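Student: next comes the sequence, and after it the predicted model I'd like to discuss.
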Amino acid sequence: MPIFLRKKRIKRILITFLSLMMILSIICIFYNWWLAIINIIVTISFYYLLIKADKIFQVEAEKYISSLSYRVKKVGDEALLEMPIGILLINDDYTIEWANPYMASCLKENSLIGRSLYDVADMLIPIIKQEIESEKVSIYDHQYRMVYKKEEKLLYFFDITEQAIIEKKYENEKPVIAIVYLDNYDEITQAMDDRERGTLNSRVTSLLNEWANHFGIYLKRVSSDRYTAFLNKEILHELEKDKFSILDEVRESIVKNNIPLTLSIGVGVGLNSLPEIGASAQSSLDLALGRGGDQVAIKLMNGRVRFYGGKTNPMEKRTRVRARVISHALGELIQESSRIFIMGHKYPDMDAIGASIGVLKIAQIYKKETYVILNEQEIDSGVQKLLQEIKAKSDIYDHFISPQGAMDLNINNALLIIVDTHKPSLVIEERLVDRIERIVVIDHHRRSEEFVRNPLLVYMEPYASSTSELVTELLEYQPLSKIDILEATALLAGIIVDTKSFTLRTGSRTFDAASFLRSKGADTVLVQKFLREDVDTYIKRAKLIEKVEFYNNGIAITKGEPDEILNQVLIAQTADILLTMEDVEAAFVISRRPDDLIGISARSLGNINVQLIMEELEGGGHLTNAATQLYETSIEEVEQRLKEAIDKYLEGGKEK
């Protein structure tokens, strides 16, 4: 404790003592004059000493305060000039009025006073303009936490480089679990003998072990077609830089022996516990398989998913066991339901309508009250012609209902069957998806991030040519007594439209389904009648083709006029025709739609994955057939976004 403070305490004691002596003197006056006089003399003496001590105290206090002020000023100067904290004082024109030496060294300048912030640290300007109070900034390989005082135009910089290094190391060492799955392994090896199967296993395991050792991954085979891999986020980043080349290595190596084996990998990352990471890896794998396999799916913390691969068309499954199981499960769900609603996507095409009619037939087998939801204001000419034929069949048309009509019905214990899409945002009446809890999804598109919540049953097969093909197979396993000619024709029309008359995405099961429908009386002449077009449509398509431009080696892009409204079917047909032209590897057609959205139809021969390009634009589809709808105000803006997505795809090595 400083001496002058101790003397201050003594002064207080003396004052208290003098007060007591004065009181005692007053009391003594009434009893003993001599004793009172002695007390007064003593009190006066002590008072004299107190005055003298007070003068000494004031002198020492002034010396102490003067010394303290000097020390505080010195410490302040050292803090401003020597402490490792950067300080900048700027004016309204972003000119530096004062800076401490540490800040100058951070910016590698001899002097900052009078310099413009635009010249020495322009990355700070946006932060200051947005009046962000605290932000991390990077200056010459160092990380700083910048604190901005708006009123004083003052900036502080705290070096957090070491902290950032530790945080990055912690983040890089977070655990990651990946599940590696051999697509169609059981079906491929079913016809092999033990020697061939052993050779295949040895080759695949060798490739995977080399890959794992190269990147420092612990890989363990847990079944004949499944491996589990343990790694960290730093290794995952390296794998992403490598674009998961193991997919290409396995495919190219095994295909040399005429064995169409591919890999699918589901990756779980970023969660707090190992069980959660493992569950995320399995969910990612399910998503990769739902999109056709031969790809990697990485599910992120924000719900987004990154995909790599997907270069090959899904391999057709030769076994029909799954179709039989799904058919029986669907029959049981229909039997348990009070009312059935069937719904396709907005602006339904022939496949969506055909599949809806096929599911209607299945529901009628169980004598359930069934409705097909359709907005007759949002259908193309082909579907209109089909609907005219259906109207002549009252027993079919009586089951069609408008979206609002469906909303007015009782949905208690109802079953909603969604066909030809799995995205809630694309169905005809999205409110029904929110209201009805029991939902079934039947679709042939590759699964996207957006999906119906908690469906009871999902039948998604990306290898299938169309949803009508899948529904036809389900019909084959139902106790059918008879199928109407128009019902069979509608299903066949859906298959023909989606396969472009059996020229694209067809497998042996596609022809089996068509054969079954023909045996039930499907009329191919009537299908051609549905697909006929008028002269105006032909001219509009020709005008679109006339304006085609080539972009980046074999990619054809054409667009409609800014104020021209074209339906989705015409846009899709134009893309199909462009794909038949010489030197065209992929085709993209852009036009404004009747719903005031701007649509893009994308087609390819397989070397370019148009699905990944459309997913960059919030769409989806197949490797060779995809589309999207955007809310942008101009076709030029959409074209620019499309070209950016194409560039990103090509620069990424044909990956996403």
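Tutor: Good, I have the coordinates. Numbers count the residues shown, from 1 in each chain.
Student: which SS state does Ile96 fall under?
Tutor: With DSSP: H, G, I helix; E, B strand; the rest coil as the basis, the three-state label of Ile96 is strand.
Student: who are the contact partners of it?
Tutor: The contact partners of Ile96, by Cβ atoms under 8 Å, 6 or more residues apart in numbering, come to Leu88, Leu89, Ile90, Leu112, Ile113, Gly114, Arg115, Ser116, Leu117, Val120. Placement of C-beta: from N, CA and C, glycine included.
Student: and the residue nearest to the spatial centre of the chain, how far from Met460?
Tutor: Residue closest to the average C-alpha location in the chain (Cα atoms, centre = their mean): Arg304, at 2.0 Å. From Arg304 over to Met460 the distance is 20 Å, taken as Cβ to Cβ, to the nearest Å.
Student: do the same with Asn201
Tutor: Distance from Asn201 to Met460, by Cβ to Cβ: 29 Å.
Student: ditto for Gly292
Tutor: Gly292 is 10 Å from Met460, by Cβ to Cβ.
Student: before we move on, what about Lys393?
Tutor: 30 Å.
Student: and Val42, helix, strand or coil?
Tutor: Assigned by three-state DSSP, the conformation of Val42 is helix.
Student: neighbours of it, just the number please.
Tutor: By other Cβ atoms under 10 Å, 14 other residues sit near Val42.
Student: per-residue confidence for it?
Tutor: Looking at Val42, its pLDDT stands at 71.
Student: coming back round to it: what about Asn201 and Met460, which has more around it?
Tutor: Met460 (20 against 16).
Student: which residues does that one bridge with?
Tutor: On the basis of DSSP bridges, Met460 is bridged to Asp443.
Student: contacting residues for it?
Tutor: Contacts for Met460 (Cβ under 8 Å, 6+ apart) come out as Gly290, His422, Val441, Ile442, Asp443, His444, His445, Arg447.
Student: if you set the cut-off to 7 Å instead, what comes out?
Tutor: By Cβ atoms under 7 Å, 6 or more residues apart in numbering, the contact list for Met460 reads Gly290, His422, Val441, Asp443, Arg447.
Student: how about Leu219, secondary structure?
Tutor: Following three-state DSSP, the label given to Leu219 is strand.
Student: how about Ala281: what's its closest non-neighbour residue?
Tutor: Counting by Cβ to Cβ, 6 or more residues apart in numbering, Gly268 is the residue found nearest to Ala281 once chain neighbours are left out, at 3.4 Å.
Student: ok so that neighbour is a strand residue?
Tutor: Yes. Judged by three-state DSSP, Gly268 forms part of a strand.
Student: and the gap between it and Val305?
Tutor: 12 Å.
Student: equivalent analysis for Gly293, please.
Tutor: 15 Å.
Student: got it, and Ser134?
Tutor: Ser134 is 32 Å from Val305, by Cβ to Cβ.
Student: looking at those two, which is more packed in?
Tutor: Taking other Cβ under 10 Å, Ser134 and Val305 do not tie; Val305 has more neighbours (20 against 11).
Student: so how far is Leu612 from the more buried one?
Tutor: 12 Å.
Student: and Lys55, by the same measure?
Tutor: From Lys55 to Leu612 the distance is 90 Å (Cβ to Cβ).
Student: so where do the strands sit in the stretch 351-500 of the chain?
Tutor: Ranges of strands in the stretch 351-500 of the chain, per DSSP state E, counting those that start in this stretch, are 369-373, 400-401, 414-419, 438-443, 457-460.
Student: stretch 595-607: end-to-end distance?
Tutor: Stretch 595-607 has an end-to-end distance of 32 Å (Cα to Cα, to the nearest Å).
Student: and that stretch, how far from the chain's centre?
Tutor: When C-alpha coordinates are averaged (Cα atoms, centre = their mean, to the nearest Å), stretch 595-607 and its chain have centres 21 Å apart.
Student: then stretch 202-211?
Tutor: 31 Å.
Student: can you pull the buried residues of it?
Tutor: For stretch 202-211, a neighbour-count test (16 or more other Cβ atoms under 10 Å) marks Arg203, Val204, Leu207, Leu208, Trp211 as buried.
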